[in-house]
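Enquirer: What would the 3D arrangement of this be:
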Amino acid sequence: MSLQKPLPQEYASYYEPYIQALPEGDILAYLASQTEEFAALKNLDDQKGNYRYALDKWSVKELLGHVNDTERIMSYRLLRIARGDKTPLAGFEENDYVMHAGSERLALDELVNEFAVVRASTLALARQLDDAAWLRTGVANGFPASARAVLYTIAGHAAHHLRILRERYEV
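Expert: Numbers count the residues shown, from 1 in each chain. Next up, the predicted model:
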């Protein structure tokens with residue numbers, strides 16, 4: 001399989017920075033490599049896991065919980081769109097998810113392990129899709145979405161938060 005980056009009409013414009021920041025090449029290999037990047041966070045202590053770089057910002061643990069929840073939602077979108085389901089898919093309010101997730105009571109390594117499991121599931125789904133499935137489209141949060149755009153969004157969203165962890169949380 002050789003997926004190309006999706007065209008702008010295949011996704012909501014607010015995903016543009018996520019998708020355009022991704023490197024060219026094998027997107028599945030890139031997704032797999034992110035598992036290793038997140039695994040490095042297991043070395044942080046609980047104090048760093050609870051760190052917020054500003055009062056109104058998520059902690060490292062909450063950020064990881066957000067990444068996990070978002071990947072689950074986006075992977076579900078990928079499944080539905082790839083299978084030809086034309087039912088419009090609802091959006092979600094990320095702050096509500098973070099508020100009710102309880103990530104702060106979990107150990108950092110549990111959240112990192114959870115990411116690995118969720119990502120493995122996403123990769124298992126992606127690896128079995130054929131060329132026709134990648135080009136199928138649906139509607140997510142009121143915007144057109146192709147299956148390949150959803151996969152690239154998953155990768156771009158994780159990359160975005162890895163950058164934030166490095167730049168703002170200094171991990």
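
Enquirer: Show residues contacting the helix or strand of the chain with the lowest mean pLDDT.
Expert: Lowest by mean pLDDT, DSSP states H and E among the helices and strands of the chain is helix 46-49, with a mean of 92. With contacts defined as CB atoms under 8 Å, 6 or more residues apart in numbering, helix 46-49 is touched by 59-61, 107-108, 169, 171. Where you see a C-beta, it was placed from the backbone N, CA and C, and this is true even at glycine.

Enquirer: Low-confidence ranges, the protein, go.
Expert: Residue ranges of the chain with pLDDT under 70: 1.

Enquirer: show me where it has strands.
Expert: Secondary structure of the chain (DSSP state E): strands at 137-140, 143-146.

Enquirer: what's the spacing between the last one and its chain's center?
Expert: Looking back up the chat, that one is strand 143-146. 16 Å (CA atoms, centre = their mean, to the nearest Å).

Enquirer: send the alpha carbons of it over as CSV?
Expert: Only the C-alpha atoms of strand 143-146 are listed here, as CSV (Å, rounded to 0.1, in the frame of the first residue of the first chain):
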residue,chain,number,x,y,z
PHE,A,143,-17.2,18.2,7.1
PRO,A,144,-16.2,15.8,4.3
ALA,A,145,-13.7,13.2,5.4
SER,A,146,-11.9,10.5,3.4
